[in-house]
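Generate coordinates for the sequence data below:
(2 chains)
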Protein chains: 2
Amino acid sequence: MDFIKNPAQIEDRSMEIIAPYLSEMDLSFEEKKIFSRIIHAAGDVDYAPIIKISPAAIDAAKAAILRGENIFTDVEMVRTGINKRTLKKFGGEIFCKVAEEDAKELAARENITRSMAAMRLFGKKLNGAIVAIGNAPTALFEVLRLVREEKIFPAVIIGVPVGFVGAADSKAELAAQNKIPFITVSGTKGGSSIAVAAVNAIMYLLDNSRN
Amino acid sequence: MDFIKNPAQIEDRSMEIIAPYLSEMDLSFEEKKIFSRIIHAAGDVDYAPIIKISPAAIDAAKAAILRGENIFTDVEMVRTGINKRTLKKFGGEIFCKVAEEDAKELAARENITRSMAAMRLFGKKLNGAIVAIGNAPTALFEVLRLVREEKIFPAVIIGVPVGFVGAADSKAELAAQNKIPFITVSGTKGGSSIAVAAVNAIMYLLDNSRN
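From the prediction side, this is the model:
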């Protein structure tokens, strides 16, 4: 069997294959990078028409990373996948509470998901920070409630929860609000790998502009 | 906003929504569980026709877990997502080498990906074990080479690497061989969340049959 084994070649070839699917879309250089990484992470070009990036989202995310803001995730897989090297360089850290005792207790008490409880417990810590939700619609609904009812304002919400129960609705609500810049995908698709791809695409933009 | 917040209700409702997409397929109860969890994890019913489970795969995976075999993954996200509670109950552990020094060194020396180097370094440890590959086609190609050339025989390969460079070919090669039972998806789709969904579906089968 002969196949490409060199990581940089794999990456370049993958981006070449994806490029034609984006060529008809009116995307900035930076948007194209984020679209490409999401499509690459899903192996699915049908993401091209469903990715939504609000006008201020990329600049807001880059600025937040540069000033050392933290990233708050709904699940451990998103925390694991995010590129820590770049984040750490500017002083940021990643937090996930879904497996912690206080989130478990609150979830059991309120009969809600643990990732929803985790977001509620983060509360004011989300002000100015980056929120990355890859799995749980309930976590995204909770962050949107914190924005609406408790005037907590993250710098940007990368919200791509997945599935058939609430995911599409939670992402539609994210895309319909205009207080917080966002990256999302419409419909049922999404997932931890998609959230990670979007966050890491922004890290790569920073790495490449500052190397 | 009103939405379902109870985890068990979310799960049940999701499985109800997915069921009609599988009703025309000739699937066993256990296969249906694995298909459902993969579709749920991707938020994508188009997985239904592309999932391939070889006849012995589910029994082989269950038996391996029950006898305390380890799971070897290509990337940290797969390791993170797998349900450790059930695995640990029977004595198994999860290993991933992609971030370790020896894998980095071998990768640099041979100009191959780190996840490919990691699988080569696992070598004979893969005998009788569960291999779960969610990201790197090169890692799956390497495991198939170990089977073919070095007579290393995992109990089962859950191989769902993703992307446009080698992923479809590596999964076609997995599906074409008949030495090792496998779970895979054809084409470019896949990813860490899909590998995790397949492995965890098997854990749930074990949990439910022994509770």
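
buried residues in the top helix by length along chain A?
Using DSSP state H to define each element, chain A has its longest helix at helix A:192-210. Neighbour-count burial for helix A:192-210 flags A:192-203, A:205-206 (criterion: 16 or more other CB atoms under 10 Å in any protein chain shown). Using the backbone N, CA and C atoms, a C-beta is placed for each residue, glycine as well.

Over to stretch A:46-66?
Buried, per 16+ other CB under 10 Å, within stretch A:46-66: A:47-48, A:50-54, A:57-58, A:60-62, A:64-65.

Please apply the same query to stretch A:122-140.
In stretch A:122-140, counting by 16+ other CB under 10 Å, buried: A:122, A:126, A:128-140.

just the residues you listed now: which is nearest chain B?
residue A:138 (5.6 Å; CB to the nearest CB).

Strands of chain A, residue ranges please.
Secondary structure of chain A by DSSP state E: the strands cover A:51-53, A:71-73, A:94-96, A:130-133, A:156-159, A:182-185.

JSON lines please, covering these and showing mean pLDDT and distance to chain B.
JSON lines is the format used below for the strands of chain A (pLDDT from 0 to 100; distance: least, CB to the nearest CB, whole Å):
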{"stretch": "strand A:51-53", "mean pLDDT": "98", "distance to chain B": "14"}
{"stretch": "strand A:71-73", "mean pLDDT": "98", "distance to chain B": "11"}
{"stretch": "strand A:94-96", "mean pLDDT": "98", "distance to chain B": "10"}
{"stretch": "strand A:130-133", "mean pLDDT": "98", "distance to chain B": "13"}
{"stretch": "strand A:156-159", "mean pLDDT": "98", "distance to chain B": "13"}
{"stretch": "strand A:182-185", "mean pLDDT": "98", "distance to chain B": "9"}
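
In a markdown table: those, plus distance to residue B:97.
Shown next, in a markdown table, are the strands of chain A (distance: least, CB to CB, whole Å):
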| stretch | distance to residue B:97 |
| --- | --- |
| strand A:51-53 | 33 |
| strand A:71-73 | 24 |
| strand A:94-96 | 22 |
| strand A:130-133 | 26 |
| strand A:156-159 | 29 |
| strand A:182-185 | 32 |
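
what's the closest of those to residue B:82?
Relative to residue B:82, the nearest member of the strands of chain A by CB to CB is strand A:94-96, separated by 16.3 Å.

Need the residues that contact that closest one.
A:70-76, A:78-79, A:82, A:84, A:87, A:118, A:122, A:125 (CB atoms under 8 Å, 6 or more residues apart in numbering or on different chains).

let's see it at 10 Å
A:70-84, A:87-88, A:103, A:115, A:118, A:122, A:125-126, A:129-130, A:132, A:199 (CB atoms under 10 Å, 6 or more residues apart in numbering or on different chains).

What's the PyMOL line that selects buried ones from those residues?
Restricted to buried positions by 16+ other CB under 10 Å, the PyMOL selection for the contacts of strand A:94-96 reads:
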select buried, chain A and resi 70+71+72+73+74+75+76+77+78+79+80+81+82+83+87+103+115+118+122+126+129+130+132+199
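
Nearest to residue B:9, out of the strands of chain A?
Per CB to CB, nearest to residue B:9 of the strands of chain A: strand A:130-133, 19.7 Å.

What strands line up against the closest one, and which way round?
strand A:71-73 (parallel), strand A:156-159 (parallel) (DSSP bridges).

Go through those and name the closest to residue A:27.
strand A:156-159 (17.3 Å).

filter the buried residues of helix A:192-210 by proximity to chain B?
A:192-194, A:196-197 (CB under 10 Å from any CB of the partner chain).

what's the most distant pair in those?
Once CB to CB is applied, those give A:192 and A:197 as the farthest pair, at 9.6 Å.

any common contacting residues for those two?
A:41, A:81, A:134, A:160, B:191.

and those residues, which of them are in helices?
A:41, A:81.

Output the shared contacts of residue A:192 and residue A:197 in JSON lines, with pLDDT appended to each entry.
Listed next are the shared contacts of residue A:192 and residue A:197 as JSON lines, based on pLDDT from 0 to 100:
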{"residue": "A:41", "pLDDT": "96"}
{"residue": "A:81", "pLDDT": "97"}
{"residue": "A:134", "pLDDT": "98"}
{"residue": "A:160", "pLDDT": "98"}
{"residue": "B:191", "pLDDT": "98"}
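
could the shared contacts of residue A:192 and residue A:197 go into CSV alongside distance to residue A:152?
Shown next, in CSV, are the shared contacts of residue A:192 and residue A:197 (distance: CB to CB, whole Å):
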residue, distance to residue A:152
A:41, 29
A:81, 25
A:134, 20
A:160, 20
B:191, 31
